[in-house]
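> turn this into a structure:
(2 chains, ligands or ions: 1)
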Amino acid sequence: MCLGIPGQIVAITDAQRKLASVDVGGVKREINIACVLAERPIEACIGDWVLVHVGFAMSRINAEEAAKTLKLLIELGEAQQEFMAMRQSGRA
Amino acid sequence: MKYVDEFREPERVGALLEAIAALTGKVVAERGRPLHIMEVCGGHTHAIFKYGIAKMLPAEIELVHGPGCPVCVLPIGQVDDCVAIAETPGVIFTTFGDAMRVPGSKKSLLQAKAEGADIRMVYSPLDALALARANPEREVVFFGLGFETTMPATAFTILQAEAEQIRNFSLFCNHITIIPTMQALLESPDLNLDGFIGPGHVSMIIGMRPYQFIAEKYRLPLVVAGFEPLDILHSLWMVVKQLAEGRAEIENQYGRVVPVDGNVAALDAIGRVFELREFFEWRGLGSIDHSGVRMRKAYAHFDAERKFAVPSQRVADPQSCQCGDVLKGLIKPRQCKVFGTTCTPEMPLGALMVSSEGACAAYYQYGDFESRNGNLVVDAA
Ligand code: SF4
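Sure, this is the predicted structure:
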């Protein structure tokens, strides 16, 4: 029910009704983008990555934050490898 | 797919699991008992089973599946109301597919459709509005359900209907709100939790601040989480890390989608169209104060509750059904007396067996979750 899927806004289809064509995993669908306009002219949304839920773009995906989370995940993995190496060091 | 694949890489799972296990060992040694962590949202419940995450975790972490599946908490009386509206001559009743098979006291929407009612599944409330535009001689009703995630979509659809003066469209509003529900859960005396995995998509609308009371008043950690396997493991690690460090904070693992302040435009639309109800009846949990919304008077002509005489009867759950105990985390789905016998996804007795986000359906579908292993099931995605 609350699931969403990332997609990219590729064109504005109906400026008045705030509808845009959004590419979701290669499939294009008309999506309402009123929630992600953030006081920008509607054309400025083209190219945005958004989270799509029941026909609406509900959030602009923040590329910096995505990179930050991934970086944390990688660091966590590296730190864990160190720990393992420490623990296993010298074991037969 | 961008923003999906990179949060599914199986190679990263091992390290996260190691880190979780190390911290869990520490906390469990201190507390002398296993940890109970609730994932509030049904989307997380589904992902946890689909990707085999429940199986990978240390045995001392018990995941409690929360009430965040709107279809699962839909009371029987509400389904009866839907059927009554759908069977009114001239009506096209539209709904998300999830709600079709929820049992009512006499029948589900699916059965009503088989008997001839014009019931149509839609992907979006906007598709329901398009049906109203295309069929001006019919009355099109959309069954609005879901938490704050879905509320903006129905609110914008109503605002659009108003702007276009579409008079043959109405909403049967059964939206529910997350914060009063969590409040009620936290006040329930038999609940025993160490922390929360917070709902990702509800939070992209309401933001991070409404959860603050959970840290302040109840001293429990909550981490708002994304829905990919690495997101969920990362969030669990963050919860256990807080416990290990003696912190109780509201943290955001899903920053790429959830802004601290939520979505202002969405909240504004919700506020314009909806107002809180005094209480809302939940299946299995009973009545919870201020846990649902209704439409404001200004939009009365789009309100199916006013347009149709809905019977609104309270109907008790079947005796044998233990959905309430499962929803509160008191028993596991398997412990329900009818699990897998008189209650199956094909012939559900309780709503938890209907939705793919329901704990019972997840247990049934992904079966053997008791045997633990460290493998991420990504190809099932
Ligand atoms: S097995 Fe069926 S009746 Fe029992 S708790 Fe689950 S959904 Fe409810």
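> pretty sure B:Pro180 sits against B:Ser287.
No - at 11.1 Å, B:Pro180 and B:Ser287 do not qualify as touching, with contact defined as C-beta atoms under 8 Å. The way it works is simple: take the backbone N, C-alpha and C, and place the C-beta from them, glycine included.
> which of those two has more residues huddled nearby?
Per other C-beta atoms under 10 Å in any protein chain shown, whichever of B:Pro180 and B:Ser287 has more neighbours is B:Pro180, with 17 against 14.
> contacting residues for that one?
Residues near B:Pro180 by C-beta atoms under 8 Å, 6 or more residues apart in numbering or on different chains: B:Ile288, B:Asp289, B:His290, B:Ser291.
> so for stretch B:213-224, mean pLDDT?
On average, the pLDDT along stretch B:213-224 is 97.
> how near is the residue lying closest to B:Pro311 once chain neighbours are set aside to the ligand?
Distance criterion C-beta to C-beta, 6 or more residues apart in numbering or on different chains; nearest residue to B:Pro311, sequence neighbours excluded, is B:Ala84 at 5.7 Å. Going from B:Ala84 to the ligand by C-beta to the nearest ligand atom, to the nearest Å gives 24 Å.
> which element is B:Ala84 on?
Using DSSP states H and E, B:Ala84 maps to helix B:76-86.
> from the contact counts, what lies against that helix?
strand B:91-95, helix B:109-114, strand B:139-146, strand B:169-175 (3 or more C-beta pairs under 8 Å, 6 or more residues apart in numbering or on different chains; DSSP states H and E).
> and the contacts of the second one?
Taking contacts as C-beta under 8 Å, 6+ apart, the residues outside helix B:109-114 that touch it are B:79, B:82-83, B:86-87, B:93, B:95, B:99-102, B:117, B:119.
> how about the strands in the stretch 1-150 of chain B?
B:35-41, B:61-68, B:91-95, B:119-121, B:139-146 (DSSP state E, counting those that start in this stretch).
> which other helices and strands contact the shortest one?
Of the remaining helices and strands, those touching strand B:119-121 by 3+ C-beta pairs under 8 Å, 6+ apart are strand B:91-95, helix B:109-114.
> pick the most buried one from the ones you listed.
Neighbour counts (mean count of other C-beta atoms under 10 Å in any protein chain shown) averaged over each of these peak at strand B:91-95, with a mean of 23.
> near chain A, anything from it?
No - Strand B:91-95 does not reach chain A (C-beta under 8 Å from any C-beta of the partner chain); its nearest approach is 11.7 Å.
> okay, the angle between that strand and helix B:76-86?
140 degrees (axes from the mean of the first three to the mean of the last three C-alpha atoms, to 10 degrees).
> by proximity to chain B, which residue of chain A wins?
A:Gly55 (2.6 Å; C-beta to the nearest C-beta).
> how about that residue, nearest residue that isn't a chain neighbour?
B:Ser124 (2.6 Å).
> format the helices and strands packed on strand B:119-121 as JSON lines; extra columns: distance to B:Val257 and mean pLDDT.
Shown next, in JSON lines, are those (distance: least, C-beta to C-beta, whole Å; pLDDT from 0 to 100):
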{"stretch": "strand B:91-95", "distance to B:Val257": "26", "mean pLDDT": "98"}
{"stretch": "helix B:109-114", "distance to B:Val257": "31", "mean pLDDT": "96"}
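> and the strands in the stretch 251-381 of chain B?
For the stretch 251-381 of chain B, the strands defined by DSSP E, counting those that start in this stretch occupy B:274-276, B:279-282, B:286-289, B:293-295.
> kindly report the same for chain A.
Counting by DSSP state E, chain A has strands at residues A:5-14, A:19-24, A:27-32, A:49-53, A:56-60.
> format those as CSV; extra columns: distance to B:Glu305, mean pLDDT and mean neighbour count.
Shown next, in CSV, are the strands of chain A (distance: least, C-beta to C-beta, whole Å; pLDDT from 0 to 100; neighbours: other C-beta atoms under 10 Å in any protein chain shown):
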stretch, distance to B:Glu305, mean pLDDT, mean neighbour count
strand A:5-14, 31, 96, 17
strand A:19-24, 29, 96, 20
strand A:27-32, 25, 94, 17
strand A:49-53, 24, 95, 24
strand A:56-60, 23, 96, 26
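> which one of the ones you listed lies nearest to the ligand?
Closest of the strands of chain A to the ligand is strand A:49-53, at 25.5 Å (criterion: C-beta to the nearest ligand atom).
> okay, angle between the closest one and strand A:5-14 too, please.
Interaxial angle of strand A:49-53 relative to strand A:5-14 (the same axes, to 10 degrees): 100 degrees.
> separation between the residue nearest to the spatial centre of chain A and B:Pro152?
Residue closest to the mean C-alpha point of chain A, counted by C-alpha atoms, centre = their mean, is A:Ile61 at 3.8 Å. Relative to B:Pro152, A:Ile61 is positioned 17 Å away (criterion: C-beta to C-beta, to the nearest Å).
> what sits closest to the spatially most central residue of chain B if chain neighbours are left out?
Nearest residue to the geometric centre of chain B (C-alpha atoms, centre = their mean): B:Cys69, 2.4 Å. What sits nearest to B:Cys69 in space, not counting adjacent residues and going by C-beta to C-beta, 6+ apart, is B:Gly42, at 2.9 Å.
> who's sitting farthest from the centroid in chain B?
The centre of chain B is farthest from one residue, B:Glu137, which by C-alpha atoms, centre = their mean lies 34.7 Å away.
> that one: what's it in contact with?
Applying C-beta under 8 Å, 6+ apart to B:Glu137 gives the contacts B:Gly90, B:Asn168.
> can you count the residues close to residue 73?
Looking at chain A here, since you left the chain open. Number of residues near A:Leu73 (other C-beta under 10 Å) recorded here: 21.
> actually chain B
B:Val73 has 29 neighbours, counted by other C-beta under 10 Å.
> mind checking how far it is from A:Asp23?
Distance, B:Val73 to A:Asp23, by C-beta to C-beta: 34 Å.
> same check on B:Ala265?
Distance, B:Ala265 to A:Asp23, by C-beta to C-beta: 22 Å.
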